[in-house]
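>>> Test case, fold it:
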Amino acid sequence: MHNEVELCDPTSERTIAAAEGALHVKFADVLRSLLLATNGVKGRYGYWLVWPAEKIASENQKYRSSPDLKGLYMPFDHLLFIGEFGNGDLFAYPIMGDGNARYKNDIFRWDHESDSRAWVANTLERYLREVLDGSIKG
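You can find the predicted model right below:
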């Protein structure tokens, strides 16, 4: 693996199911597999490229329910935030109308300054590779 990445201990199916239940969203299969292998991926300077399952649940709940954020940004209900860049921007899977983040493997970047949402990668693997090689910049 990359020398600027810290992997965590794996999580359990139960923890992932609890996170999915809290958010009423089914995670992408590749995200589930990653969390079962390593419950989160830390990048350079300690920021989370992929959050642990519990943090995926808590951060998404925070962004969806905060009254302060509701007045500043478009709704976040169609995004499943999974990680960060360290500058305030977040990365997410799209959530489809039926509550699944399983059908599309695309990763989007939410810009915290402009509230824009832009496609960055067609897979979780590509997202991780391109953040680490500098193709995706902060």
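>>> Return the per-residue confidence for the closest residue to Arg44 other than its chain neighbours.
Residue nearest to Arg44 in three dimensions, not counting chain neighbours: Glu4, with 4.7 Å by C-beta to C-beta, 6 or more residues apart in numbering. All C-beta spots, glycine's among them, are computed from the backbone N, C-alpha and C. Per-residue confidence (pLDDT) for Glu4: 79.
>>> my read: Glu4 touches Val41, true?
No: if you go by C-beta atoms under 8 Å, Glu4 and Val41 don't touch, sitting 10.6 Å apart.
>>> So for those two, which residue has more residues nearby?
Between Glu4 and Val41, counted using other C-beta atoms under 10 Å, Val41 has the larger neighbour count: 25 against 12.
>>> I'd assumed Glu6 was in contact with the more buried one.
Yes: counting by C-beta under 8 Å, Glu6 is a contact partner of Val41 at 7.4 Å.
>>> Spell out for me which residue occupies the centre of the chain.
Against the mean C-alpha coordinate of the chain, by C-alpha atoms, centre = their mean, the closest residue is Ile82 at 1.0 Å.
>>> show me where the protein has strands.
Secondary structure of the chain (DSSP state E): strands at 6-7, 41-42, 48-50, 79-84, 90-94, 107-110, 117-121.
>>> Let me have the ones you listed in a markdown table, adding distance to Lys62 as columns.
A markdown table is the format used below for these (distance: least, C-beta to C-beta, whole Å):
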| stretch | distance to Lys62 |
| --- | --- |
| strand 6-7 | 23 |
| strand 41-42 | 20 |
| strand 48-50 | 14 |
| strand 79-84 | 9 |
| strand 90-94 | 11 |
| strand 107-110 | 14 |
| strand 117-121 | 18 |
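>>> Which one of these lies nearest to Val131?
strand 48-50 (5.9 Å; C-beta to C-beta).
>>> what packs against the closest one?
The helices and strands touching strand 48-50, judged by 3 or more C-beta pairs under 8 Å, 6 or more residues apart in numbering; DSSP states H and E, are helix 29-37, strand 41-42, strand 79-84, helix 124-133.
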